[in-house]
Every structure is written in C-alpha cells, then in structure tokens.
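S.K.: Just a sequence and a predicted model for now, questions to come.
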Amino acid sequence: MHPRQPFRSAPARRALLALGLAAALAGCSGGTPWGATPQNLPVPDIRLPDLERAGQEFEGASGSTAGAQRVADRVRQALAADPRLAGAAIGAQGFEGGLVVLNGTPRSAAERNIAVDIARRVPGVREVVDRMAQP
C-alpha cells in the first residue's frame, strides 16, 4: 500500500497551482513591501545645469568619441590659424574627457609653448598632454 500523497491527482495540483498564482499576484500591487510606489518616492531637490552654456562647457568633455573628435578638430584649426605656427608639423588627437595630445616636431621651444597655450584655450579642452618631439 502506498502512503497517501495529498497533491498526487491532477485536480489537486491545479488547485494548488491556482492558489499559488493567486497569492503571487496578490503581492504584485505595483509597489514594494515598504510602500515605495512612484507616488510615495521622495524627490530630491536638485539643481539643473545651466543649459545655455552646456555646449561651451561640456562639448567634447562628455566622454563621447564624436565629442573628442570635434575638440581635436578645433585644436587643429586653432593651431593652423596662428601665424606663429605657419608651416609647423604639429598635430592633435582628442580623447574622452576633453584630453588633447599634441604630437609632431616643433621648430623651437617657443613654438612648442605657443602650441600648448593655444590648445589649452580651445573650448572643450580640459587637459593638454605634450608628446611633441624635442626641437
């Protein structure tokens, strides 16, 4: 003789499954056990950034590759526009966070300093790394 198993029959298993499903759905009231529904969540008092200056302050410094490329392009344009660097073989690479690396070979120490100074003044540049060869 087999010991009695209370949920061996199909109707009993279905009833148990329905009871478990009903209990699970009853607990899904849309919140959490401690009542953190969207209506009850505290809203922190935060200051939004000044969006009128966001393009000047954050473009290229946001960590995007496209932003880094735009900043490097602006640095290269600024270097090419300065008559003191006419004919100089100085390049710029942009990296995330507004980092610009200058490379190439300046003709003098003065030309090197001018290039670094120009790069630092370009909007979006946070840091300039000088990897130029010695003149």
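M.R.: Received the coordinates, thanks. Numbers count the residues shown, from 1 in each chain.
S.K.: could you pull out the strands for the protein?
M.R.: Applying DSSP state E to the chain gives strands spanning 89-95, 99-105, 127-130.
S.K.: Export these as CSV, with columns for distance to A115, mean neighbour count and mean pLDDT.
M.R.: C-beta: built from backbone N, CA, C; applies to glycine. CSV is the format used below for the strands of the chain (distance: least, C-beta to C-beta, whole Å; neighbours: other C-beta atoms under 10 Å; pLDDT from 0 to 100):
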stretch, distance to A115, mean neighbour count, mean pLDDT
strand 89-95, 5, 19, 94
strand 99-105, 6, 18, 95
strand 127-130, 8, 15, 94
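S.K.: With distance to Q77 added, can I get the ones you listed in JSON lines?
M.R.: JSON lines is the format used below for the strands of the chain (distance: least, C-beta to C-beta, whole Å):
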{"stretch": "strand 89-95", "distance to Q77": "10"}
{"stretch": "strand 99-105", "distance to Q77": "13"}
{"stretch": "strand 127-130", "distance to Q77": "15"}
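S.K.: Out of the ones you listed, flag the one nearest V75.
M.R.: strand 89-95 (4.1 Å; C-beta to C-beta).
S.K.: and the closest residue to G98 other than its chain neighbours, backbone torsions?
M.R.: Residue nearest to G98 in three dimensions, not counting chain neighbours: R126, with 3.2 Å by C-beta to C-beta, 6 or more residues apart in numbering. Dihedral pair for R126: phi -100, psi -30, per degrees, to the nearest 10.
S.K.: Let's see the pLDDT reported for R126.
M.R.: Per-residue pLDDT puts R126 at 93.
S.K.: wait, doesn't it sit right on L99?
M.R.: Yes: with contact taken as C-beta atoms under 8 Å, R126 and L99 are classed as touching, separated by 6.6 Å.
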